[in-house]
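Novice: what follows is a predicted structure for the sequence shown.
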Amino acid sequence: MSTYSDASLIYYPSGVKAGKAYSLKPTDGSGDLTFTRASTATRVNESGLIESVATGVPRIDFTGGGCGKLLLEPQRTNLAFYSEQFDNGYWAKTLSASVISNNVTSPDGTLNADTLVAGDAGSQIQAAFVGTSGIAYTVSLYIKRISGTGVVNLRAVENVNTPITITNEWTRVSLAVTSTTTTIRVGVMLATSGDEVAIWGAQLEAGSYPTSYIPTTSTAVTRVADAINQQIVGLTTITAGTFFLDFYRGVSVATARDSSTDGFFYRSSSSFPSGSAIEISTDAIGIARVGIRNSGLFIAAYQNNTLNHIKIAVKWDGVNLKVFANGVLQYNNPFVFANAFQYLGYNLDFKKEVQNVMVFPTVLSDAELIALTTL
């Protein structure tokens, strides 16, 4: 049976520096992933705290605990100003709502979160700006209960209160809504007089799912997309072999992608596939899929719209191609690629958290791939 030692490339989130994500194998650096992002960004570190990562440095993210994952996201802009300063006049308060500033330790570990106090039933804090009708926006906010037991509502995009579940621990709540007007909102409403909640990190972004937190002050702030695009000639230039990707979609339900391009590739061209490609992506309505491209021919070999964690393996032997996903054979048909593979890349499509990438210059057995892809 083949083992990890048989792989020509193994990437697992570990060491990073500006412009590079280190692979575990090979050890001479020829398999390291070239990385770019022309802005700072945030991640959740090993201690569970949000921190800023410098321009061009890959993010190994520990959201939810466990092992770190390479976080790859499309470009997004936080349209909500003063995302950590709810005492600012930008945030309108109604029905005797008041804010105590910088009195709670926030998810970044500093004393910079605010407390929203309900002076009356229905007390509310809200910001609104001019947006575009008919597109999806996502509102997200870190929140926890300080006192009281009343209903807490998230005001997201529309002039509507949506009840949310909170505890006495920080939780990031979010809601995606397609706007029916050009007035876009973000805020919190407390149904019961006297209730108090801590709030921090408001985010309003165009898109159908929340991405990593983007702090703002007096203007909107854009986080530029993450990108990896690495040629590894001689290491993975193979016409028969096995490709494995263990990833998290970053969302647990179907979520439409941001653009018409696709996601993670193992391919024969450094640009958008023009030849052979194995692509892991979502389609326009949010279905995670494995696609096979070959000289203009495209086959959707596997798709799923419910799972967050997916392990994919694709093997080809010059005659047939098989796709395994989460321990099950999903596709098995004759298929011959026109070009050998030599690139790994990410084409700025949808949020993806990469746990493991492996390339084998050999064709693994079905039993090996069932074991490798079983969750």
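Specialist: Great, that's in hand. Nothing here was measured: the structure is a model prediction, and the numbers come from that model. Numbering: from 1, shown residues only.
Novice: from here on, contacts and neighbour counts on C-alpha atoms
Specialist: Will do.
Novice: list the residues that contact Leu204.
Specialist: Neighbouring residues of Leu204 by Cα atoms under 8 Å, 6 or more residues apart in numbering: Thr77, Asn78, Leu79, Ala80, Tyr137, Thr138, Val139, Ser140, Val186.
Novice: one more: Asn153?
Specialist: Going by Cα under 8 Å, 6+ apart, the list of residues near Asn153 reads Asn161, Thr162, Pro163, Ile164, Val188, Met189, Leu190, Ala191.
Novice: per-residue confidence at it?
Specialist: pLDDT for Asn153: 98.
Novice: do you know how far it is from Ile166?
Specialist: 10 Å (Cα to Cα, to the nearest Å).
Novice: what does Ser276 give?
Specialist: 48 Å.
Novice: same drill for these two, tell me which one is more crowded.
Specialist: Ser276 (24 against 18; other Cα atoms under 10 Å).
Novice: next one: the closest residue to the more buried one other than its chain neighbours from Thr181, what distance?
Specialist: Spatial nearest neighbour of Ser276, excluding adjacent residues (Cα to Cα, 6 or more residues apart in numbering): Asn294 at 4.5 Å. According to Cα to Cα, Asn294 and Thr181 sit 43 Å apart.
Novice: so which of these two has more stuff around it?
Specialist: Ranked by neighbour count (other Cα under 10 Å), Asn294 and Thr181 place Asn294 first, with 20 against 15.
Novice: for the more buried one, give me its contacts.
Specialist: Applying Cα under 8 Å, 6+ apart, the residues near Asn294 are Ser274, Gly275, Ser276, Ala277, Phe337, Ala338, Asn339.
Novice: any idea where the strands of the stretch 1-150 of the chain begin and end?
Specialist: Secondary structure of the stretch 1-150 of the chain by DSSP state E, counting those that start in this stretch: the strands cover 9-11, 16-17, 20-21, 33-36, 41-44, 50-53, 59-61, 69-72, 76-78, 92-94, 98-104, 113-117, 123-130, 136-147.
Novice: just the stretch 151-300 of the chain next, same as before
Specialist: Under the criterion DSSP E, counting those that start in this stretch, the stretch 151-300 of the chain carries strands at the ranges 152-157, 161-164, 171-178, 183-190, 196-206, 221-223, 227-231, 241-248, 264-267, 276-282, 288-294, 297-304.
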